[in-house]
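J.: using only what follows, build the 3D model:
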Amino acid sequence: MNLLVKCELEIRLVLSPQHSLPVQACLNYRAEDPYAVHIAFHVGPGAPVTWTFARELLVEGVFRPCGEGDVRVWPAKVGDRDVICVALSSPDGDALLETPAGAVSGWLERTLRAVPAGAEGEVLGMDAALAELLSAGRGEGGVCLTDPGQPEEAGDAETSG
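T.: Numbers count the residues shown, from 1 in each chain. Below is the predicted model:
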């Protein structure tokens, strides 16, 4: 499935409580990578800076603070605007971004219509691949799913008496 859900928007890079800079960004969701969202920041003439993280994190962050470590997301109100704050941290530095809540929520709704939450594994074919793997058992060149040194069932164990 080669479905792409895209949203171009202007976000704000927060420098201090009183100052922020506009940054052009693009939100991308690809059905063939169903668990992830990609945000590309156009910060200069070179290639965009792209961050990739879990779609579930962004979905949850629309409603309540979430995330640990490199990516944290939470809803906020700045003046009369509803925004989604995204804090990014890397060895190169930290950034606090404010994204328009309506644009992000609308884009997320489109991604969830494309691939509903919980259906990501079906898109990847994980259930079918796992079923095939498990049905292969111990055939030639197959995968051994149990310890070959241990009996599979209690009835298979030899007893000495």
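J.: now do the same contact list for the spatially most central residue of the chain.
T.: In the chain, the residue lying closest to the centroid (C-alpha atoms, centre = their mean) is Ala54, at 1.7 Å. Ala54 makes contact with Tyr35, Ala36, Val37, according to C-beta atoms under 8 Å, 6 or more residues apart in numbering. All C-beta atoms are positioned from the backbone trio N, CA, C, and that covers glycine.
J.: restricted to buried residues, select the residues you listed in PyMOL.
T.: A single PyMOL command selects the buried members of the contacts of Ala54 (16 or more other C-beta atoms under 10 Å):
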select buried, resi 36+37
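J.: from the contacts of Ala54, pick the one nearest Asn28.
T.: Nearest to Asn28, judged by C-beta to C-beta, of the contacts of Ala54 is Val37 at 7.2 Å.
J.: so is that closest one in a helix, a strand, or just coil?
T.: The three-state label given to Val37 by DSSP: H, G, I helix; E, B strand; the rest coil is strand.
J.: worst-scoring helix or strand of the protein, pLDDT-wise?
T.: The weakest-scoring helix or strand in the chain, judged by mean pLDDT, DSSP states H and E, is helix 126-136 (a mean of 63).
J.: tell me how many other residues crowd the closest residue to Val59 other than its chain neighbours.
T.: Using C-beta to C-beta, 6 or more residues apart in numbering and skipping residues adjacent in sequence, the residue nearest Val59 is Leu108, 5.8 Å away. Using other C-beta atoms under 10 Å, Leu108 has 21 neighbouring residues.
J.: list the buried ones in the helix or strand where Leu108 lies?
T.: Assigned by DSSP states H and E, Leu108 belongs to helix 101-114. Buried residues in helix 101-114, counted by 16+ other C-beta under 10 Å: Ala101, Ala103, Val104, Ser105, Trp107, Leu108, Thr111, Ala114.
J.: of all those, the one with the weakest confidence?
T.: Within the buried residues of helix 101-114, pLDDT reaches its minimum at Ala114, with 89.
J.: residues in contact with that residue?
T.: Ala114 is in contact with Leu3, Val5, Tyr29, Ala31, counting by C-beta under 8 Å, 6+ apart.
J.: ok, now Gly106?
T.: With contact set as C-beta under 8 Å, 6+ apart, Gly106 has these partners: Cys7.
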